[in-house]
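Engineer: Next comes the sequence, and after it the predicted model I'd like to discuss.
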Protein chains: 2
Amino acid sequence: MDIVIPLFDDFEPLDAIGPYQMLGHLPGATVRFVAVGERGAVADGIGGLRLDVPARYAEVEGCDVLLVPGGRGTRRLLADDALLDWLRRVHGTTRFTASVCTGALLLGAAGLLDGLDATTHWAAAGELAAYGAAFTPERVVRRGRIVTAAGVSAGIDMALHLAALLTDETTARAIQLHAEYDPVPPFDSGSWAKASPVVRERIKDLR
Amino acid sequence: MDIVIPLFDDFEPLDAIGPYQMLGHLPGATVRFVAVGERGAVADGIGGLRLDVPARYAEVEGCDVLLVPGGRGTRRLLADDALLDWLRRVHGTTRFTASVCTGALLLGAAGLLDGLDATTHWAAAGELAAYGAAFTPERVVRRGRIVTAAGVSAGIDMALHLAALLTDETTARAIQLHAEYDPVPPFDSGSWAKASPVVRERIKDLR
């Protein structure tokens, strides 16, 4: 089982690493990162991570799961015809094509979400409509072979859904147990609807 | 605010990247990865990630937060006197010294958990006692300046606690909103107590 995650400069780290953590332990699966861009190095959007990613995305002709993370770097790629062509071509070979966060905008720009329900980071919800998708405010939205997750941490939940689809529910539950994914957030501000006006405002002060 | 995360070969990726995602957006904070070992490259325990980490841990003389991830690689370091000396020395300078998963064993081996309540990955609970710590089956355990988290994904919850301690609750909630951390796991098998015998058994088949 070949799972491919393209990485580009200014990707959001947990978008990619959350699903990697979950799917990387799947029996019979290999998760491969491939670089979008010329170099073998990719830097994340926070600025502390530098990954050595020698494989380029164009080397991949097909895979079982294509999983596209998000982050600020997506905005520079929305008109990258070579990448969008590749997304369409590889999507033609997959069992599942998935996105986390603003990775959905790349699937949208490639024309893969036209007429579909999909989700993305709350801050990018309005942008999905430009691609013919109907924003659906759920954590994970699956329509056939296309699975989209909400922002950043939602990729963890999505990956558990995918793990069950790719193997079986017992294996997916074992992966959840291995990662001790029994979340107890100390606060309840993880969605736009739940966050107070003062919390929403504070977003502007984050790094 | 200087937050330091030492990385070593065979670290568990989400142990490090979960807290990095949360603390990396903290206003006024910088999260730095430092390599344990001679090389500037660190490989994770799943085998798909290779990080370029040019700074070595020995270059750090102090920091505000020292956060030690876990993973299989910890076992090779439990008798590494230079690293354990460094952990003790840097702990003397921190506001908080923290661990995720089996990172607690490294804090324990350095003598920092003697006589304390602490937590770790469920599979390593028995090993904590050798270091004089009392395993406490909670998601996040704080005793003064020492904060330990349970396995892998628990570092995300811990980092939100730390974010509130380092800044304020509104900022921590804004970070939660930014990461859309409103978890909806599709299953409820994230702790040993909640997992069925067949799920516990399936752990052996994971990669």
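Structural biologist: Noted; the coordinates are in hand.
Engineer: Name the nearest residue to A:Phe8, sequence neighbours excluded.
Structural biologist: A:Val36 (4.0 Å; C-beta to C-beta, 6 or more residues apart in numbering or on different chains). In short, each C-beta sits where N, CA and C put it, glycine included.
Engineer: Tell me the spacing between that neighbour and A:Ile5.
Structural biologist: Distance of A:Val36 to A:Ile5, given as C-beta to C-beta, to the nearest Å: 11 Å.
Engineer: which intervals of chain A have sub-threshold pLDDT?
Structural biologist: Applying pLDDT under 70 to chain A flags no residue at all.
Engineer: Looking at it, which helix is longest?
Structural biologist: helix A:154-166 (DSSP state H).
Engineer: Tell me which stretches of chain A form helices.
Structural biologist: Under DSSP H, chain A gives helices at A:13-23, A:81-91, A:103-109, A:125-128, A:154-166, A:169-178, A:197-202.
Engineer: Go through those and pick out the most buried.
Structural biologist: Stretch with highest mean neighbour count among the helices of chain A: helix A:13-23 (a mean of 29; mean count of other C-beta atoms under 10 Å in any protein chain shown).
Engineer: Quick one: list the elements packing against that helix.
Structural biologist: Other helices and strands packing on helix A:13-23, by 3 or more C-beta pairs under 8 Å, 6 or more residues apart in numbering or on different chains; DSSP states H and E, are strand A:2-7, strand A:30-35, strand A:65-68, strand A:96-100, helix A:154-166, helix B:13-23.
Engineer: what's the residue closest to the geometric middle of chain A?
Structural biologist: A:Val100 (2.4 Å; C-alpha atoms, centre = their mean).
Engineer: That residue: what's it in contact with?
Structural biologist: Counting by C-beta atoms under 8 Å, 6 or more residues apart in numbering or on different chains, A:Val100 makes contact with A:15-16, A:18-19, A:67-70, A:149, A:151-152, A:154-155, A:158.
Engineer: swap the cut-off to 6 Å and go again
Structural biologist: For A:Val100, the contacting residues are A:Asp15, A:Pro69, A:Gly70, A:Ala149, A:Gly155, by C-beta atoms under 6 Å, 6 or more residues apart in numbering or on different chains.
Engineer: same question, A:Gly103
Structural biologist: Contacts of A:Gly103 (C-beta under 6 Å, 6+ apart): A:Val68, A:Pro69, A:Gly70.
Engineer: For A:Tyr57, which non-adjacent residue is closest in space?
Structural biologist: In space, and not counting its chain neighbours, A:Tyr57 is closest to A:Val34: 4.4 Å by C-beta to C-beta, 6+ apart.
Engineer: doesn't A:Pro54 make contact with that neighbour?
Structural biologist: No. Using C-beta atoms under 6 Å as the test, A:Val34 is too far from A:Pro54 to be in contact (9.3 Å).
Engineer: Neighbour count: those two, which is higher?
Structural biologist: Just comparing A:Val34 and A:Pro54: by other C-beta atoms under 10 Å in any protein chain shown the higher neighbour count belongs to A:Val34, 19 against 12.
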